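J.: need a 3D model of the following:
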Amino acid sequence: MTVLTQPPGMGDVLKYEVNPNYTRKTVTLLTGMPYPVGSVLGRVTASGKYTLSPDTGTDGSETAAAVLLYAVDATLADAVGVVLVRGPAIVSRAALAYDGTVNDAGKITTKIGQLAALGIVTRDTA
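T.: Okay, here's the model as predicted:
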């Protein structure tokens, strides 16, 4: 029997939102990588574009500002993505994807706190 594997989807990340018309936004993602569903994104102040939110920086993207709801391939050019930008909303902590510099519990806790300030709460189970 053939085993089929389905990649993670929005339902694996987003567990609750008050109203999609209020909590979601369509944004431009910076060129350079495929963004997986659940990516924790920061907004570059100068361009208004979003990218993975690093641990440190000075361009604005170091502050978590959104969670990507669908995988987007921006390897060759800027791409459009749908993100969760405000709550009330609940996301699965295990389904979030971080920049490579967010590599320990303290840094992850900081990103989760930045999302919580937007009303996006993480839960271990949902």
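J.: show me where this structure has its strands.
T.: 14-17, 24-29, 33-35, 40-43, 50-52, 64-68, 72-74, 79-84, 89-92, 120-123 (DSSP state E).
J.: so which of the ones you listed is nearest T101?
T.: strand 50-52 (8.8 Å; Cβ to Cβ). Yep, even glycine has a C-beta here, placed from its N, CA and C like the rest.
J.: per-residue confidence averaged over the closest one?
T.: Strand 50-52 shows a mean pLDDT of 98.
J.: pull the residues that contact it.
T.: Contact with strand 50-52 is made by 27-30, 32-33, 35, 39-44, 61, 65-66, 81, 83, 97-99, as judged by Cβ atoms under 8 Å, 6 or more residues apart in numbering.
J.: also stretch 70-77?
T.: 7-10, 29-37, 79-82.
J.: export the strands of the chain to JSON lines and tack on distance to V3 and mean neighbour count?
T.: Below are the strands of the chain laid out as JSON lines (distance: least, Cβ to Cβ, whole Å; neighbours: other Cβ atoms under 10 Å):
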{"stretch": "strand 14-17", "distance to V3": "26", "mean neighbour count": "18"}
{"stretch": "strand 24-29", "distance to V3": "32", "mean neighbour count": "17"}
{"stretch": "strand 33-35", "distance to V3": "24", "mean neighbour count": "17"}
{"stretch": "strand 40-43", "distance to V3": "30", "mean neighbour count": "23"}
{"stretch": "strand 50-52", "distance to V3": "31", "mean neighbour count": "25"}
{"stretch": "strand 64-68", "distance to V3": "27", "mean neighbour count": "25"}
{"stretch": "strand 72-74", "distance to V3": "25", "mean neighbour count": "17"}
{"stretch": "strand 79-84", "distance to V3": "30", "mean neighbour count": "18"}
{"stretch": "strand 89-92", "distance to V3": "24", "mean neighbour count": "21"}
{"stretch": "strand 120-123", "distance to V3": "29", "mean neighbour count": "19"}
